[in-house]
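K.L.:
Would you be able to build a 3D model of this:
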Amino acid sequence: MVISTKEEEKRVQDRVAIGAPVVYETIRREGEDELGRPVAALAWSGLAAGLSMGTSFVTEALLAAHLPHAPWGPLITRFEYSIGFLIMILGRQQLFTENTLTVILPLMLRKDIVTFGRVVRLWAVVLTANLLGTFLFAAGIAKVALFDGRVYEALTDIGTAHVGAGFGSVFGRAIFAGWLIALMVWLLPGAESARVSIIIILTYVVGLGALNHIVAGSTTVFFMVLGPLAAFVDLRQSIFRSHTARQHRGRRSARRSAWSRTSCWGTPKILARRRRIAIPLSRSAYTQIQVLG
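P.N.:
Residues are numbered from 1 along each chain as shown. Predicted coordinates for the structure are as follows:
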């Protein structure tokens, strides 16, 4: 059966997936728009993205705090990793790892120093703003008691899992996470109504695999530095100060005992009170002093 009407042809065109050239051109134009934005707009959008990414950390802890400790727990809690990405992408906020693809296409097309400088400017502004946003978010939940003890325990457990891995392991997992985010950006132009599903699926893989994402992971690290690790350091310092103070008190007590003792049978001593110096004397000299005294 052959398509004979324009209406049927339009329906066919609507159902045919867009080709690679269309996807490429869509992402390239997005990159051009981002490279042309002023620094202030990039900074504010990057700051908003950093704050939004913090919600992934909190929502994962909220869900973990209300679920039993079971091997299947991460299969559910890691779904919350997608919340921050949904807010950021649907809100058109600037994320550093997303810009590793969109702004590179104009650079590969032109291959000039001017475009390269604009790319570096965008990366520097967006990454700094993203990290500032995650730092502010982490400081807010670490310094202000917003949740109950179970939630903070879950936040600490999530943060502890991110600490202690070797550099090579973290670097390799970060590359894999960056590739998945770039793949998500490439899929979104042709997704249409499936945009939300693609964001959730790919970011869920990042969370479930415990892959390291430079922006999302910075919220966790900043929280550990400002919260549990800071409290641990303060505790260590207070213990050290207490121990040092006890040692000083013991030494002062020993000095007082030494200054107060004068013996004619051991090594004779007199006290020079003004300088608080013990002067050792021979027994004959000590006897002469007693006679003169």
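
K.L.:
show me where pLDDT drops low in this structure?
P.N.:
1-17, 228-293 (pLDDT under 70).

K.L.:
all helices for it, in order.
P.N.:
6-15, 20-35, 39-65, 73-77, 82-90, 99-102, 104-110, 113-143, 149-162, 167-187, 195-208, 216-226, 228-260, 283-292 (DSSP state H).

K.L.:
Quick check: can you list the domain ranges of this protein?
P.N.:
For the chain, automatic domain parsing gives the domain ranges 16-227, 254-293.

K.L.:
any idea how far the residue most central in space within the chain is from Ala142?
P.N.:
Centroid-nearest residue in the chain: Ser218, 2.0 Å away (criterion: Cα atoms, centre = their mean). Going from Ser218 to Ala142 by Cβ to Cβ, to the nearest Å gives 13 Å. To be clear about C-beta, it is placed using only N, CA and C from the backbone, and glycine gets the same treatment.

K.L.:
ok, now Pro21?
P.N.:
48 Å.

K.L.:
How about Ile175?
P.N.:
29 Å.

K.L.:
re the thing from before, more neighbours, Pro21 and Ala142?
P.N.:
Ranked by neighbour count (other Cβ atoms under 10 Å), Pro21 and Ala142 place Ala142 first, with 22 against 8.

K.L.:
Now that that one has come up, it's in contact with Thr220, right?
P.N.:
No: contact criterion Cβ atoms under 8 Å: Ala142 and Thr220 do not qualify, at 11.0 Å.

K.L.:
Just the buried residues of stretch 23-42, please?
P.N.:
Buried residues in stretch 23-42, counted by 16 or more other Cβ atoms under 10 Å: Val23, Thr26, Ile27, Arg28, Glu30, Gly31, Glu32, Glu34, Leu35, Leu42.

K.L.:
And stretch 70-83, what's buried?
P.N.:
So, applying 16+ other Cβ under 10 Å, buried residues of stretch 70-83: Pro74, Thr77, Arg78, Phe79, Glu80, Tyr81, Ser82, Ile83.

K.L.:
ok, the nearest residue to the fourth one once chain neighbours are set aside - how many residues close by?
P.N.:
What that stands for is Phe79. The shortest distance from Phe79 to any non-neighbouring residue, by Cβ to Cβ, 6 or more residues apart in numbering, is to Tyr204 (5.9 Å). The local packing of Tyr204 (other Cβ under 10 Å) involves 17 other residues.

K.L.:
cool, and the one 5 residues further on?
P.N.:
In terms of burial, Gly209 registers 13 neighbours under the definition other Cβ under 10 Å.

K.L.:
quick one: contacts for it?
P.N.:
With contact taken as Cβ atoms under 8 Å, 6 or more residues apart in numbering, Gly209 is in contact with Arg173, Phe176.

K.L.:
For it, grab phi and psi.
P.N.:
phi -80, psi 0 (degrees, to the nearest 10).

K.L.:
Tell me how far it lies from Ile83.
P.N.:
17 Å.

K.L.:
can you check Gly149 too?
P.N.:
On the measure of Cβ to Cβ, Gly149 and Ile83 end up 23 Å apart.

K.L.:
cool, Arg150 as well?
P.N.:
Taken as Cβ to Cβ, the span from Arg150 to Ile83 is 19 Å.

K.L.:
ok, now Gly91?
P.N.:
12 Å.

K.L.:
who touches the closest residue to Ala43 other than its chain neighbours in this structure?
P.N.:
With Cβ to Cβ, 6+ apart as the criterion, Ala43 has its nearest non-adjacent residue at 4.7 Å, and that residue is Ala129. For Ala129, the contact set (Cβ under 8 Å, 6+ apart) comprises Leu42, Ala43, Trp44, Ser45, Gly46, Leu47, Ala49, Gly50, Gln94.

K.L.:
Make JSON lines from these and add distance to His69 to it.
P.N.:
Shown next, in JSON lines, are these (distance: Cβ to Cβ, whole Å):
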{"residue": "Leu42", "distance to His69": "42"}
{"residue": "Ala43", "distance to His69": "41"}
{"residue": "Trp44", "distance to His69": "41"}
{"residue": "Ser45", "distance to His69": "39"}
{"residue": "Gly46", "distance to His69": "37"}
{"residue": "Leu47", "distance to His69": "36"}
{"residue": "Ala49", "distance to His69": "32"}
{"residue": "Gly50", "distance to His69": "31"}
{"residue": "Gln94", "distance to His69": "37"}
